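Novice: Structure for this input, please:
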Amino acid sequence: MSRGNAPVTYIPKFAYVANLASNNVSAFTIDAASGGLTAVAGAPFAAGSGPFGVVTDPAGKFVYVTNGESNNVSAYTVNAGTGALTPVSGSPFAVGSGVQLGTPAVDPSGRFLYVPAFDSNLVFAYQIDATSGALAAITSSPFPAVNEPVSANVDPTGRFLYVANEGGAVSGVCDPSVNPCGLSAYTVDALSGALTQVTGSPFPAGPEPSTVVVDPSGRFAYVANQASNTTFEFAIDAATGALTQTGATTPPPPSSGVGAAVEPSGRFAYITDAVNNKVAAYSIDATTGTLTQITRGFDVLVCSSRPFRAVCLCGESRGRHYGVYAGPCER
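Specialist: Residues are numbered from 1 along each chain as shown. The predicted model follows:
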């Protein structure tokens, strides 16, 4: 692909949802004009036990699902025309014995997959075969995190990885002096994908950081914190990856931020509200990264008493696990 100054418009074609209770993955085509979803023929596709998080590679060739109860990662190739999923040879790929897996991340080059394991306080790292999508453990993997790493995100340059650590014995509120949580930050080796902790990591992000996202410019990070009902705002040091907190946004109570997303233009952020079953929308200041609330009026249809970590269709809580549970939901 040649370099140039022409703007690039990203138009997603397919959406995938990890269904925690039914052990499969829903797949949808996305209407480019309306954003409407239509189920892919053959969906849902079988996964492992307790699928928790789902991520695609940047090219849209492969889908990876972390299975929280069977301790492995299901890998699929994507049919470019239909969005249908076919298991990769060797899938599912074992992660470890008795580990509970969180939300994974793929780096922008599509070469590395990072999987947080929140009961073992580790981040597992894999190389992705560019042809087959198969996974191979990176040398020195797994890498240490702190208490209950549950969500991972790689910055747009591929140089830094950020992991939200919920902390606490059973996803309870962590005491930083006893059970440090916060946000772990790593530099990513461009050749091997290996991780090195950034100086100052972990960075405080409230008592129960649930999700971390990085904006498309790579200058700001946002952490949804469900215990303090706050979204923490950080500036990212472009040279080191270190974080400096710049603010904290609290929506009107009652609320509990468990999931976060920034849309591709970087102008808006969305936070899921676990109490009101809504999605709160914010504008992003292009200079400071500060969030300003637009509305909390987006209703989300929830199939159980608690919603979900990601901005998805519906969900449930299984003890300390938040995951997408079915879709579309029935009233």
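
Novice: Just list whatever residues bridge to Thr272.
Specialist: Judged by DSSP bridges, the bridge partners of Thr272 are Gly259, Val279.

Novice: Please report how far it lies from Gly96.
Specialist: 29 Å (Cβ to Cβ, to the nearest Å). C-beta: built from backbone N, CA, C; applies to glycine.

Novice: more crowded one of those two?
Specialist: For Thr272 versus Gly96, neighbours defined as other Cβ atoms under 10 Å are more numerous around Thr272 (30 against 15).

Novice: The more buried one against Val279, yeah?
Specialist: Yes: Thr272 is within contact range of Val279, at 5.7 Å (criterion: Cβ atoms under 8 Å).

Novice: The helix or strand encompassing Gly247 - contacts with which helices or strands?
Specialist: For Gly247, the host element (DSSP states H and E) is strand 243-249. Applying 3 or more Cβ pairs under 8 Å, 6 or more residues apart in numbering; DSSP states H and E, one finds that strand 243-249 contacts strand 230-236, strand 291-299.

Novice: Least confident of the ones you listed, on average?
Specialist: Ranked by mean pLDDT, those bottom out at strand 291-299, which scores a mean of 66.

Novice: contact partners of the stretch of helix or strand Val223 belongs to?
Specialist: According to DSSP H and E, Val223 maps onto strand 220-225. For strand 220-225, contacts defined as Cβ atoms under 8 Å, 6 or more residues apart in numbering pick out 153, 155, 162, 164, 183, 205-215, 231-236, 243, 246, 257-260, 262, 269, 271-272, 284, 289, 291.

Novice: if we go to 6 Å?
Specialist: 162, 164, 183, 205-206, 208-214, 231-232, 234, 236, 257, 260, 271, 289 (Cβ atoms under 6 Å, 6 or more residues apart in numbering).

Novice: Next, work out how far apart Ile128 and Ala39 are.
Specialist: Distance from Ile128 to Ala39, by Cβ to Cβ: 27 Å.

Novice: no wait, Glu69
Specialist: 25 Å.

Novice: What of Thr196?
Specialist: Per Cβ to Cβ, Thr196 is found 43 Å from Ala39.

Novice: Please apply the same query to Gly83.
Specialist: Gly83 is 10 Å from Ala39, by Cβ to Cβ.

Novice: Looking at these two, which is more packed in?
Specialist: Using other Cβ under 10 Å as the criterion, Gly83 and Ala39 rank with Gly83 on top: 23 against 14.

Novice: If you count neighbours, what's buried in stretch 132-149?
Specialist: Using 16 or more other Cβ atoms under 10 Å as the test for burial, stretch 132-149 gives Gly133, Ala134, Leu135, Ile138, Ser141, Pro142, Phe143, Ala145, Val146, Asn147, Glu148, Pro149.

Novice: can you list contacts of it?
Specialist: 62, 75, 77, 88, 90, 93, 116, 118, 121-127, 163, 165-167, 174, 179-181, 184, 193-195, 202.

Novice: Please state the offset of that stretch from the chain centre?
Specialist: 15 Å (Cα atoms, centre = their mean, to the nearest Å).

Novice: what does stretch 142-160 give?
Specialist: Per Cα atoms, centre = their mean, the centroid offset for stretch 142-160 relative to its chain is 10 Å.

Novice: what about that stretch, how long is it end to end?
Specialist: Stretch 142-160 has its terminal residues 16 Å apart, counting by Cα to Cα, to the nearest Å.

Novice: Stretch 207-222 now?
Specialist: With Cα to Cα as the measure, what separates the two termini of stretch 207-222 is 15 Å.

Novice: re earlier: compute the inter-axis angle for the strand holding Val223 and strand 243-249.
Specialist: On the basis of axes from the mean of the first three to the mean of the last three Cα atoms, to 10 degrees, strand 220-225 is oriented at 60 degrees to strand 243-249.

Novice: Any idea how many residues pack against the nearest residue to Asn225 once chain neighbours are set aside?
Specialist: Leaving aside its sequence neighbours, Asn225 sits nearest to Gly206 (Cβ to Cβ, 6 or more residues apart in numbering; 3.8 Å). If you count neighbours by other Cβ under 10 Å, Gly206 ends up with 26.

Novice: what do you get for Gly68?
Specialist: 25.

Novice: Relative to Ala248, how far out is it?
Specialist: 29 Å.

Novice: for Asp31, same thing?
Specialist: 36 Å.

Novice: And the nearest residue to Glu233 once chain neighbours are set aside, what's its pLDDT?
Specialist: In space, Glu233 comes closest to Gly247 once its chain neighbours are excluded; the distance is 4.2 Å by Cβ to Cβ, 6+ apart. Note for Gly247: predicted pLDDT of 90.

Novice: Same question for Ala280.
Specialist: Value for Ala280, per-residue pLDDT: 79.

Novice: was I right about it contacting Ile271?
Specialist: Yes: here Ala280 reaches Ile271: they are 4.7 Å apart, a contact under Cβ atoms under 6 Å.
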